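Asks: Need a 3D model of the following:
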Amino acid sequence: MSSAPPDRHAAAAAGLLRRVFASLEAPLTFRLWDGTTTCVGTTGESGCAVVFRSRGAFRRIVRRPTSLRFGEAYIHGELDIEGDIFAAMRAASAIERLRVPLGARLAVLAGLLRV
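Replies: Alright, predicted model coming up:
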């Protein structure tokens, strides 16, 4: 039995997530549309996972990350939060405090071309 080859778009997306959230002061897990799991932030058990159901949803949210866009994706079932809701709230608070340097933001925008 052969397994499917890894999704190159998901691999690029995981790399972008690791770059953006490298200095996040809370552990957080992301699961992508193909099942790829990426842990970011501080070490330890995140307790929750942000699940992107499609490549398109990932691209829309990362291109212009606003709470409105995130909420709309959640309502439309394009994104989900699994696990401990309090862990998700702690991660959200840490994300609000996160400052991504301009160079990293530009690299992420360029990287979206591979996702």
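Asks: Count residues in the vicinity of Thr66, would you?
Replies: Using other Cβ atoms under 10 Å, Thr66 is surrounded by 9 other residues. The C-beta positions use only the backbone N, C-alpha and C, and glycine is treated the same way.
Asks: Where do the strands of this protein begin and end?
Replies: Under the criterion DSSP state E, strands of the chain are mapped to 28-31, 37-40, 48-52, 79-83.
Asks: Include mean neighbour count, distance to Gly103 and mean pLDDT when you put those into TSV, please.
Replies: Shown next, in TSV, are the strands of the chain (neighbours: other Cβ atoms under 10 Å; distance: least, Cβ to Cβ, whole Å; pLDDT from 0 to 100):
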stretch	mean neighbour count	distance to Gly103	mean pLDDT
strand 28-31	21	22	97
strand 37-40	18	18	96
strand 48-52	22	24	97
strand 79-83	16	27	97
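Asks: tell me which residues in the helix-or-strand element of the chain with minimal mean pLDDT are buried?
Replies: Least confident helix or strand of the chain, by mean pLDDT, DSSP states H and E, is helix 102-111 with a mean of 89. The neighbour-count check on helix 102-111 (16 or more other Cβ atoms under 10 Å) flags 104, 107-108, 111 as buried.
Asks: Tell me the spacing between the residue lying closest to Arg19 once chain neighbours are set aside and Arg18.
Replies: Nearest non-adjacent residue to Arg19, counting by Cβ to Cβ, 6 or more residues apart in numbering: Ala104, 5.8 Å away. For Ala104, the distance to Arg18 (Cβ to Cβ, to the nearest Å) stands at 11 Å.
Asks: try Ala92
Replies: To Arg18, Ala92 is 19 Å away according to Cβ to Cβ.
Asks: same thing with Ala10?
Replies: Per Cβ to Cβ, Ala10 is found 13 Å from Arg18.
Asks: just Thr29 next, same as before
Replies: In terms of Cβ to Cβ, Thr29 sits 12 Å off from Arg18.
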